[in-house]
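Chemist: Quick one: sequence plus predicted model below, questions after.
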Amino acid sequence: MITIMLNTLITQLQTLPSGKERTLPAGAFLFHQGDEVESLFMMLTGEIHLIRHQPDGSSITQQRAHSGTVLAEASLFSRYYHCHAVAEKNTRVYALPKQAVFSRLQTDSDFAQCWMAYLSREVQQARFRSELLSLKTVKARLDAWLYWQGKTLPPKGEWKALAEQLGISPEALYREMARRL
């Protein structure tokens, strides 16, 4: 059901007027913290990280967006971006004028329902990630992640990305995986 609603939302977003595709090389900024929000972005390919810089010089990654997701969806209701959007690899996005999205939300209840379902799923994911990161051991984090994902491990080539999701070092994950295999 979630996949169907997401696919429907993506399809509906792609039919909005005035949308245009943009390509970014790895390392390029899509927008900067403090820029005025003019567009909503849908990820087509690649990966973009939303990075918020803190007053002490540290930074926080707020989103790791991949194809088929909406980037910085909360910014639709902000005047300015609260973070930088940096392409981690070569990336294509579909830029939708903010006003076109608002108009569609106000006039199309099916679109609004798909949008709400998408946002609800994002809230569920954020709550899960918050709880996951509160777990003390690598074993507990991996067990929770496996339960949430349907007990399927990603292919070995994706274990480093999994370690990042779990908030642990790749080496700690590899040690835990060795205990299990």
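Modeler: Thanks, I have it.
Chemist: Next up, the contacts around the spatially most central residue of the chain.
Modeler: Among the residues of the chain, the one closest to the centroid is A65, at 3.4 Å (Cα atoms, centre = their mean). By Cβ atoms under 8 Å, 6 or more residues apart in numbering, the contact list for A65 reads 43, 47-50, 71-72. Yep, even glycine has a C-beta here, placed from its N, CA and C like the rest.
Chemist: Alpha carbons of the host helix or strand of it, as PDB, please.
Modeler: Assigning secondary structure by DSSP states H and E places A65 in strand 59-66. Output of strand 59-66 as PDB, limited to C-alpha atoms (Å, rounded to 0.1, in the frame of the first residue of the first chain):
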ATOM      1  CA  SER A  59      27.100  19.700  11.100                       C
ATOM      2  CA  ILE A  60      24.100  17.400  11.100                       C
ATOM      3  CA  THR A  61      22.800  15.300   8.200                       C
ATOM      4  CA  GLN A  62      19.100  15.800   8.200                       C
ATOM      5  CA  GLN A  63      18.200  13.700   5.200                       C
ATOM      6  CA  ARG A  64      19.800  11.300   2.800                       C
ATOM      7  CA  ALA A  65      17.600  11.400  -0.200                       C
ATOM      8  CA  HIS A  66      17.600   8.800  -3.000                       C
END
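Chemist: Give me the average confidence score over it.
Modeler: Averaged across strand 59-66, pLDDT comes to 88.
Chemist: So which residues of this structure form strands?
Modeler: 20-24, 29-31, 39-45, 47-53, 59-66, 70-71, 84-87, 91-97 (DSSP state E).
Chemist: Reformat these into JSON lines and put distance to P154 next to each item.
Modeler: Compiled in JSON lines, the strands of the chain are given as follows (distance: least, Cβ to Cβ, whole Å):
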{"stretch": "strand 20-24", "distance to P154": "25"}
{"stretch": "strand 29-31", "distance to P154": "26"}
{"stretch": "strand 39-45", "distance to P154": "19"}
{"stretch": "strand 47-53", "distance to P154": "15"}
{"stretch": "strand 59-66", "distance to P154": "13"}
{"stretch": "strand 70-71", "distance to P154": "22"}
{"stretch": "strand 84-87", "distance to P154": "22"}
{"stretch": "strand 91-97", "distance to P154": "21"}
